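Chemist: Just to be clear, the model below is a prediction. Sequence and coordinates:
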Amino acid sequence: MATYNHTGQVVTDLERSKRFYQEVLGFEPWYEITPPDAATAKLSCLEPPLGVTASYLTLDGLVLELLHYSVPGATAGFRPRTMNEPGLTHLSFSVADVRATAEQATEHGGQVIEESDLGVAMFIRDPDGQLLELLPLSYRTKLPDRPRTKP
């Protein structure tokens, strides 16, 4: 049996990303660590030095780990992905006002994907290009009840 722990994503400016996720989407800070390079390099199969800081934010049970590599050259460049590539494609959030949240995202370094705008839902990108889906709060009320987890 497994239980959800967290979702990690690499960011290029930790403070900017923390502000984005807290001020635009309402995440709360949890804790932050700076693990030793040797252990981080081994676990992540990367070559040291890395200088990683991991900042954990929470929202409605989701734990988002923002990973920042402070050593120059330790972070790979951004490559936009399409929705049909294998692997994780996006994070999805229900918000009170989709358009207002999208506009707030641009004020915090994000980008609106205008061609995705359905009037009630759309995609944005965070400051590092991570794709985020914005849905109205009413979307959640139309979903079937979630199965209960085992105690």
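Modeler: That came through, no problem.
Chemist: longest helix of this structure?
Modeler: Secondary structure of the chain per DSSP state H: the longest helix is helix 14-25.
Chemist: So which residues make contact with that one?
Modeler: 11, 27-29, 53, 55, 57, 59, 64, 66, 68, 93, 95, 101, 104-105, 108-110, 126-128, 132 (Cβ atoms under 8 Å, 6 or more residues apart in numbering). Every C-beta, even on glycine, is put in place using the N, C-alpha and C of the backbone.
Chemist: Show me which positions of that helix end up buried.
Modeler: For helix 14-25, the neighbour count (16 or more other Cβ atoms under 10 Å) marks 14, 17, 18, 20, 21, 24, 25 as buried.
Chemist: cool, stretch 80-92 as well?
Modeler: residue 91.
Chemist: Can I get it in PDB? Just the C-alpha atoms.
Modeler: Provided in PDB are the C-alpha atoms of stretch 80-92 (Å, rounded to 0.1, in the frame of the first residue of the first chain):
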ATOM      1  CA  PRO A  80       7.800  23.400 -23.400                       C
ATOM      2  CA  ARG A  81       5.800  20.100 -23.400                       C
ATOM      3  CA  THR A  82       2.600  19.300 -25.200                       C
ATOM      4  CA  MET A  83      -0.400  17.700 -23.500                       C
ATOM      5  CA  ASN A  84       0.000  14.500 -25.400                       C
ATOM      6  CA  GLU A  85       3.600  13.700 -24.200                       C
ATOM      7  CA  PRO A  86       3.900  10.800 -21.800                       C
ATOM      8  CA  GLY A  87       4.400  11.800 -18.200                       C
ATOM      9  CA  LEU A  88       2.900  14.500 -16.000                       C
ATOM     10  CA  THR A  89       1.300  17.200 -18.100                       C
ATOM     11  CA  HIS A  90      -0.100  19.800 -15.700                       C
ATOM     12  CA  LEU A  91      -1.500  20.600 -12.200                       C
ATOM     13  CA  SER A  92      -5.200  21.600 -12.000                       C
END
